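Peer 1: I would like to see how this sequence folds:
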Amino acid sequence: MRIQHWQDAASLLVGAWLVASPFALGFSGAALWISIALGLGVVLFALEAFIIPSYLEEWGEMLMGLALVVAPWTFGYQQGSVTTSSVLAGVVVIVLACWELTMDRDFATWWHDRWHHRAG
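Peer 2: From the prediction side, this is the model:
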């Protein structure tokens, strides 16, 4: 297991925060379970990046981040720390995944081969 991108380690920490945040911030109900489930999803995608490095897990992390951003309004969280935690964690996960994609050589090669040769 080798860390190729520091963004994967940062995503792992964000996922761990999401799992711990319901207990640290004292929220319950749907917010608790959704935070834990999405946090575990982020953790699993980050761990997958350590075990089988590929650019594909970044797309999964972006979906998890998007789900975190829209969850407070989709599931009717109470305003305050629950919404703030979910939205900030989602934005951070999305930014880290996008940042890693811009640095990933495999993705850059795929992107170049797929889109730059279509014009000709």
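Peer 1: starting at the chain centroid, how far to stretch 60-77?
Peer 2: 10 Å (CA atoms, centre = their mean, to the nearest Å).
Peer 1: and the contacts of that stretch?
Peer 2: Stretch 60-77 has contacts (CB atoms under 8 Å, 6 or more residues apart in numbering) with 11, 18, 27, 30-31, 34, 38, 41-42, 45-46, 82-83, 86-87, 89-94, 96-98. To be clear about C-beta, it is placed using only N, CA and C from the backbone, and glycine gets the same treatment.
Peer 1: mean confidence for it?
Peer 2: Mean per-residue pLDDT for stretch 60-77: 92.
Peer 1: so which bits of that stretch are buried?
Peer 2: Burial within stretch 60-77, assessed by neighbour count using 16 or more other CB atoms under 10 Å, is assigned to G60, E61, M62, L63, M64, G65, A67, L68, V69, A71, P72, Y77.
Peer 1: okay, now the unreliable bits of this protein?
Peer 2: For the chain, applying pLDDT under 70 flags the ranges 1-3, 55, 104-120.
Peer 1: give me that answer again for 90
Peer 2: Scanning the chain for pLDDT under 90 picks out 1-8, 25-31, 48-59, 75-82, 99-120.
Peer 1: now the helices for it?
Peer 2: 6-25, 30-51, 56-74, 81-103, 105-115 (DSSP state H).
Peer 1: that older thread, and the buried residues of stretch 60-77 as TSV, adding distance to S54?
Peer 2: Below are the buried residues of stretch 60-77 laid out as TSV (distance: CB to CB, whole Å):
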residue	distance to S54
G60	10
E61	12
M62	14
L63	15
M64	16
G65	18
A67	21
L68	22
V69	24
A71	26
P72	31
Y77	33
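Peer 1: quick one: which of those residues is nearest F23?
Peer 2: F23 has its nearest neighbour among these in Y77, at 16.1 Å by CB to CB.
Peer 1: ok, that closest one to S35 distance?
Peer 2: 9 Å (CB to CB, to the nearest Å).
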